[in-house]
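J.: Fold the following.
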Amino acid sequence: MVKDFITLYELQSMLKEGVERLFPSRIWLKAEISAIKAREGSHCYMELSQSTGDGIVAKAQAVVWSSKYRFIAPYFESVTGSPLREGMLVLIQVQVNFSQLYGLSLIVNDIDPDFSLGEQERQKRLTLERLHKEGLVDMQKGLSLAPLPYMIAVISAPDAAGYRDFMRHLHENEYGFVYHTDLYPALMQGADSPSSIIGAMDAAASSGTAYDMLAIIRGGGARLDLASYDDYALASHIAQFPVPVFTAIGHDQDTHAADIVAFSCVKTPTALADVLVSMYADEDARLESFSGRMRLSFSSRLYREESALQSLVHRIRMAFSLRISELESRLSLLEGRIQASDPRSMVRKGCVLALDSAGAVLKSVSGVRSGDRITLLMGDGMAECTVDTVRKGEEDNK
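T.: Modelled structure (predicted):
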């Protein structure tokens with residue numbers, strides 16, 4: 001018995017009719033560009049996909065004819081600042097086409113750049129809402145930064161201009177300040193950059209080096225290229241990193257989730273280098289000011305002490321001079337008294353001194369008897385005498 005069947009062509013034709021009936025006109029389709037291949041002046045071929053938590057759940061091939069692509073691509077880049085690339089979520093206008101020979105294909109007629117920008121903002125909003133809910137937004141702000149950060153872990157692409165600018169401005173600063181930097185390479189844009197940066201952060205944390213801070217550095221780029229910095233996993237990792245994280249991802253218009261949860265963010269790598277150098281310069285100026293005040297204080301104290309010492313020396317000299325004068329006066333007085341009581345002085349004034357036979361001065365008649373020989377000492381000589389009579393006091397004269 002012959003079974004009923006249809007040919008492959010008939011099946012493909014039926015599918016073609018069904019597709020044309022279901023999609024008679026163009027539709028807007030949201031999908032991720034999982035692969036893209038385009039050459040200048042040629043058609044652009046894309047692989048579109050959709051993913052869930054379980055992985056990729058749908059794929060389709062799409063083509064942008066060269067006549068359309070030469071207008072669509074530059075317009076998209078002029079609005080978003082980024083060319084069409086893998087990993088980008090886009091809203092595209094397609095005509096669903098089915099060929100009996102090639103199967104299903106999507107003919108791209110237009111791509112909405114505003115959707116891609118809006119999708120990035122939506123992702124940022126969702127990330128921040130989750131971070132706030134989990135209490136992670138201000139965790140880094142609670143850390144303490146070393147007054148003079150010296151040990152610096154740097155996450156960047158080794159060949160990035162932003163990294164070179166940072167290193168040049170930091171290590172060739174006008175003051176000659178010295179810093180220690182270690183580079184941990186990572187992809188700084190694209191779909192794989194969040195996981196790459198997280199891996200570099202983990203490497204720095206497990207290196208055993210006691211870093212003062214971590215710097216995430218990226219040069220300038222398109223707004224859509226910065227979508228990685230609104231990734232929840234990356235922002236969460238930054239928020240919970242054990243040392244202060246500084247972001248300098250090179251965009252002066254937008255602030256991303258990574259910037260918001262970081263300890264501090266600056267717009268460019270050069271600006272970050274300037275911040276670090278200024279910290280050292282401010283501390284150097286403070287120390288110089290303190291040193292100047294110390295020198296001035298020491299000079300003032302020395303001047304005061306010298307003045308006090310000179311005053312003390314002057315007072316000592318004055319006191320010593322007064323004491324000398326006083327002693328000289330007393331000495332002169334004593335000398336006068338001594339001279340006044342000198343027997344020779346008394347004799348010169350007309351007094352007569354009586355000396356016994358031993359040459360001692362006779363002060364009383366009680367030591368003299370009749371017949372004793374005495375000597376009378378006078379101003380111009382002396383006389384040897386014999387005592388004839390001894391009388392005591394005036395009463396003996398009566």
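J.: And stretch 271-287, what's buried?
T.: Neighbour counts over stretch 271-287 (16 or more other C-beta atoms under 10 Å) mark 271, 272, 273, 274, 276, 277, 279, 280 as buried. To be clear about C-beta, it is placed using only N, CA and C from the backbone, and glycine gets the same treatment.
J.: close enough to count as contact, the last one and residue 177?
T.: Yes. The pair residue 280 and residue 177 qualifies as a contact (C-beta atoms under 8 Å) at a distance of 4.4 Å.
J.: Identify the residues contacting residue 234.
T.: Counting by C-beta atoms under 8 Å, 6 or more residues apart in numbering, residue 234 makes contact with 194, 197, 198, 228, 257, 258.
J.: pLDDT score assigned to it?
T.: On pLDDT, residue 234 comes in at 97.
J.: gap between it and residue 81?
T.: Counting by C-beta to C-beta, to the nearest Å, the gap between residue 234 and residue 81 amounts to 21 Å.
J.: what's the answer for residue 274, then?
T.: From residue 274 to residue 81 the distance is 25 Å (C-beta to C-beta).
J.: just curious, which of the buried residues of stretch 271-287 is nearest to residue 138?
T.: Taking C-beta to C-beta as the measure, residue 138 sits nearest to residue 272 out of the buried residues of stretch 271-287, at 21.0 Å.
J.: So which bits of stretch 245-259 are buried?
T.: For stretch 245-259, a neighbour-count test (16+ other C-beta under 10 Å) marks 245, 246, 247, 248, 249, 250, 251, 256, 257, 258, 259 as buried.
J.: no no, stretch 70-80
T.: Neighbour-count burial for stretch 70-80 [16+ other C-beta under 10 Å]: 72, 73, 76, 80.
J.: contacting residues for the closest residue to the third one other than its chain neighbours?
T.: With C-beta to C-beta, 6 or more residues apart in numbering as the measure, residue 113 is the residue that lies nearest to residue 76, at 4.7 Å, once sequence neighbours are left out. Residues near residue 113 by C-beta under 8 Å, 6+ apart: 75, 76, 79, 80.
J.: Just the mean pLDDT for whichever strand or helix holds residue 317, thanks.
T.: Assigned by DSSP states H and E, residue 317 belongs to helix 269-341. The average pLDDT within helix 269-341 is 81.
J.: before we move on, the earlier item: sitting in strands, which of the contacts of residue 234 do you find?
T.: Among these, no member falls in strands (DSSP state E).
J.: of those, closest to residue 327?
T.: So of the contacts of residue 234, ranked by how close each gets to residue 327 (C-beta to C-beta), first place is residue 258, at 91.4 Å.
J.: ok, that closest one touching residue 249?
T.: Yes. With contact defined as C-beta under 8 Å, residue 258 and residue 249 form a contacting pair (7.1 Å).
J.: Residue 151 contacts residue 178, doesn't it?
T.: No. The pair residue 151 and residue 178 does not pass the contact test of C-beta under 8 Å, sitting 11.5 Å apart.
J.: Who has more neighbours out of those two?
T.: Neighbours were counted for residue 151 and for residue 178 using other C-beta atoms under 10 Å; residue 151 has more, 15 against 10.
J.: Read off the pLDDT value for that one.
T.: Note on residue 151: pLDDT of 97.
J.: before we move on, what about residue 396?
T.: 47.
J.: Over to residue 354?
T.: Reported pLDDT for residue 354: 83.
J.: do the one 4 residues further on as well
T.: Per-residue confidence (pLDDT) for residue 358: 83.
J.: what's the domain layout of this protein?
T.: In the assignment given by automatic domain parsing, the structural domains of the chain cover 8-114, 123-281, 344-392.
J.: was I right about residue 262 contacting residue 139?
T.: No. Counting by C-beta under 8 Å, residue 139 is not a contact partner of residue 262; they are 10.3 Å apart.
J.: Remind me which helix or strand residue 125 belongs to.
T.: Secondary structure from DSSP H and E places residue 125 in helix 113-133.
J.: after that helix comes which helix or strand?
T.: Taking DSSP H and E, what comes next after helix 113-133 is strand 151-156.
J.: Name every strand pairing with that next one and say which way it goes.
T.: Using DSSP bridges, strand 151-156 pairs in its sheet with strand 180-185 (parallel), strand 213-217 (parallel).
J.: Extract the CA atoms of stretch 377-389 and return them as PDB.
T.: The C-alpha trace of stretch 377-389 is given here as PDB (Å, rounded to 0.1, in the frame of the first residue of the first chain):
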ATOM      1  CA  LEU A 377     106.500 106.400 121.700                       C
ATOM      2  CA  MET A 378     105.900 109.800 120.100                       C
ATOM      3  CA  GLY A 379     105.400 111.100 116.500                       C
ATOM      4  CA  ASP A 380     109.000 112.000 116.000                       C
ATOM      5  CA  GLY A 381     110.700 109.400 118.200                       C
ATOM      6  CA  MET A 382     110.700 107.700 121.500                       C
ATOM      7  CA  ALA A 383     112.000 108.300 125.100                       C
ATOM      8  CA  GLU A 384     113.300 105.700 127.600                       C
ATOM      9  CA  CYS A 385     111.900 106.600 131.100                       C
ATOM     10  CA  THR A 386     112.000 105.200 134.600                       C
ATOM     11  CA  VAL A 387     108.700 105.300 136.600                       C
ATOM     12  CA  ASP A 388     109.000 107.400 139.700                       C
ATOM     13  CA  THR A 389     105.500 107.400 141.000                       C
END
